[in-house]
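K.L.:
sequence and predicted structure are below.
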Amino acid sequence: MSSLSMTGHIATAKQCFFPSCWRPNRWRIFHEEWLAAVERWQRRDEISLFEEVNLILTRSVVRWSGLPLDAKSPADLCLELSGMVENAGGVGPSTWLALWRRRRTERLVGSVVRRTRSGERALGENAPIR
């Protein structure tokens, strides 16, 4: 359902959410990650644009959200996230793995949100988690 066809509190909340998430500094983060990637690409013979854009998006969201990676690298998180999307909606082992990854990622993010809200972990003043 489009936010244009919604009415009441849901429509107001949805309309307010998206502009606040993409303030200019969020686009700046994406732009910085893109430029850094272009510099890395220039030192390589070939790249997979699909994989590289996934990594740029992952790095951007991690920076924007303040999500701590702890021992996980951005590349590892990128593989996990893209695997969840690519293998969703099918049947069989690859779908089971995608569902397992999703549940694991949801637990990780849920844990970060709970620890942030309890005051146990600080993510920074610009982090969207409150």
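P.N.:
Looks like it came in fine. Numbering: from 1, shown residues only.
K.L.:
and the helices in the protein?
P.N.:
For the chain, the helices defined by DSSP state H occupy 8-21, 24-41, 49-65, 74-86, 93-117.
K.L.:
now do the second one: which elements does it pack against?
P.N.:
Pointing back at helix 24-41 there. With contacts taken as 3 or more Cβ pairs under 8 Å, 6 or more residues apart in numbering; DSSP states H and E, helix 24-41 sits against helix 49-65. C-betas here are computed from N, CA, C, even on glycine.
K.L.:
same check on the third one?
P.N.:
When contacts are defined as 3+ Cβ pairs under 8 Å, 6+ apart, helix 49-65 sits against helix 24-41, helix 74-86.
K.L.:
what's in contact with that helix?
P.N.:
26, 29-30, 33-34, 37, 41, 67, 69, 74-75, 77-78, 81-82, 123, 127-129 (Cβ atoms under 8 Å, 6 or more residues apart in numbering).
K.L.:
now that helix: mean pLDDT?
P.N.:
Averaging pLDDT along helix 49-65 gives 90.
K.L.:
next one: the last one
P.N.:
Averaging the model's pLDDT scores along helix 93-117 yields 86.
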